[in-house]
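Peer 1: sequence first, then the predicted structure, then my questions.
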Amino acid sequence: MLFRRSVVGVLALAFAAPASAHGPAPSGGRAGDPAKVTRTIEVIATDNAFSLKALDVRDGETVRFVVRNDGADPHELTIGTVAEHAEHRQVMKAMLEQMKKGGHAAHSMSDMAHEGGVWVDPGKTASFVWTFVRTDNLEFACNIPGHYEDGMKGPIRFVK
C-alpha cells in the first residue's frame, strides 16, 4: 500500500506539472466554456479500460466529459495527439522511476490540474469541458504507466 501511495504521489506530480514542464499545451482544442456545452459524454474507467472506445466530434464542438473511476487504481483521461501522449507517458515513467529511487512528490492529488484532461482517483468522478479544434492523430488516453498499453485509449475522429 505504501508503494501505491508513492506511485500515486509521483504520478500526481507528473500530472500537475505546468505544461512547460512536459511540453506545450495539448493539441486538439482548448478548455471550453461550460455555458457552450453541446453534449455531455460519460466515461467509466475500470482497471485498464474505458467504456468509451472511440469518439466522433465536430470542429468547434464543446463537450463536457464526466469520468467515473470504478477501478482500484487512479486513472486520467486526457486529450492530445498520438505523439503528445507518447511524450506524456515518458515523463510519467521517468518520474515513477525517480520516485522508486527515493525522490519525493511535492503535490497531492487535490492539487491536480491539467489542460485537456482530468485525473480521477478510485471511486471518484471528475469532469472537464473541452472545445475541439480539427487536429490529425487526436486521441483520448490514460497515460499512467501500463494503462495506455493495456488499451486505455481511443481515436477522436472529426465528422462534418
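Peer 2: Yep, it's here. Numbers count the residues shown, from 1 in each chain.
Peer 1: what's the longest helix in the chain?
Peer 2: helix 82-100 (DSSP state H).
Peer 1: what about the helices in this structure?
Peer 2: Ranges of helices in the chain, per DSSP H, are 2-16, 82-100.
Peer 1: all strands of this protein, in order?
Peer 2: 29-31, 39-46, 49-50, 55-58, 62-69, 75-81, 117-120, 125-132, 138-141, 153-159 (DSSP state E).
Peer 1: which other helices and strands contact the fifth one?
Peer 2: In other words, strand 62-69. Using 3 or more C-beta pairs under 8 Å, 6 or more residues apart in numbering; DSSP states H and E, the elements in contact with strand 62-69 are strand 39-46, strand 75-81, strand 117-120, strand 125-132. Glycine gets a C-beta too; all of them are placed from N, C-alpha and C.
Peer 1: same check on the second one?
Peer 2: On a contact count with 3+ C-beta pairs under 8 Å, 6+ apart, strand 39-46 meets strand 62-69, strand 75-81.
Peer 1: that one pairs with which strands?
Peer 2: Next to strand 39-46 in the sheet, as set by DSSP bridges, lie strand 49-50 (antiparallel), strand 62-69 (parallel).
Peer 1: closest to Ile41 out of those?
Peer 2: strand 62-69 (5.5 Å; C-beta to C-beta).
Peer 1: so how far is that closest one from its chain's centroid?
Peer 2: Averaged C-alpha coordinates place strand 62-69 at 11 Å from its chain's average position (C-alpha atoms, centre = their mean, to the nearest Å).
Peer 1: got a list of contacts for that strand?
Peer 2: The contact list for strand 62-69 (C-beta atoms under 8 Å, 6 or more residues apart in numbering) reads 32-34, 36-45, 57, 75, 77, 118, 120-132.
Peer 1: repeat that with 6 Å
Peer 2: Taking contacts as C-beta atoms under 6 Å, 6 or more residues apart in numbering, the residues outside strand 62-69 that touch it are 32, 36-45, 75, 77, 118, 120, 122, 124-131.
Peer 1: of those, buried ones?
Peer 2: Applying 16 or more other C-beta atoms under 10 Å to those, the neighbour count classes 32, 41, 43, 45, 75, 77, 118, 120, 125-131 as buried.
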